[in-house]
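>>> Predicted structure and sequence below. I'll ask about it afterward.
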Amino acid sequence: MKIKGDLLITDPCYWMKDKEFEKYCYNIGPSEITLLNPIDNMQGMMADTIFGDWTCEVYKTDEPVDQSVLEDIIKYNKPPVGVLAGKFGSDAGLVSISEYNETWDYNRKKAEDLIDKYPWCAALLENFEGDVVFIDIYPGDDKEPMRCILGKGNYNFYTIQIG
């Protein structure tokens, strides 16, 4: 999906209003990707983490990263490429990527608290313009896949699960 602006990556339970969270999040299955536009016409999307509660890191890179690079990191325990740009967590087993200013307009108090009081819960990537996708990487040995986000645009980024 195309997206432009400051990106917020976090669990939607941290920024959604309770009523919308119940409506849009309670029934998301592991293979579903849900667009955020029904919620105040927001840019973004959300998905099940597959793993449940987790912690992830976000890395910025000069060159686009593809699925094969993430597979090397996950399957073969290679070090991440790029520069650490942030971390985020999930407590409801969901992950969302949204435009921060739209999130702030939708629920100012929760969005503001995420960045100011609970920075370990959300990653903020400023001035991004490009495409973002969720992809699943299979680590092998019949383990559950790891859900990652890839961003390709005026700069590139990816997420990787660390806990």
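Received the coordinates, thanks.
>>> The lowest-mean-pLDDT helix or strand in the chain: which residues count as buried?
In the chain, the helix or strand scored least confidently by mean pLDDT, DSSP states H and E is helix 108-116, which has a mean of 83. Using 16 or more other CB atoms under 10 Å as the test for burial, helix 108-116 gives 110-111, 114-115. Where C-beta positions appear, they are placed from N, C-alpha and C, glycine not excepted.
>>> and if you look at stretch 40-50?
42-50.
>>> CA atoms only for that stretch, dumped as CSV, please.
Taking C-alpha atoms only, stretch 40-50 is exported to CSV below (Å, rounded to 0.1, in the frame of the first residue of the first chain):
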residue,chain,number,x,y,z
ASP,A,40,-11.7,8.2,10.0
ASN,A,41,-10.3,7.5,6.4
MET,A,42,-6.8,6.9,7.8
GLN,A,43,-3.8,5.7,5.8
GLY,A,44,-2.4,2.4,7.0
MET,A,45,-3.1,-1.2,7.7
MET,A,46,-3.0,-3.7,10.5
ALA,A,47,-2.6,-7.4,10.9
ASP,A,48,-2.3,-10.2,13.4
THR,A,49,1.3,-10.7,14.6
ILE,A,50,0.9,-14.5,14.3
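>>> where does the residue located most distally from the centre of the chain fall, phi/psi-wise?
What lies farthest from the middle of the chain is D141; by CA atoms, centre = their mean that is 25.1 Å. When read as degrees, to the nearest 10, the backbone of D141 gives phi 50, psi 40.
>>> quick check: longest strand of this protein.
Scanning the chain for the longest strand, with DSSP state E as the assignment, gives strand 123-137.
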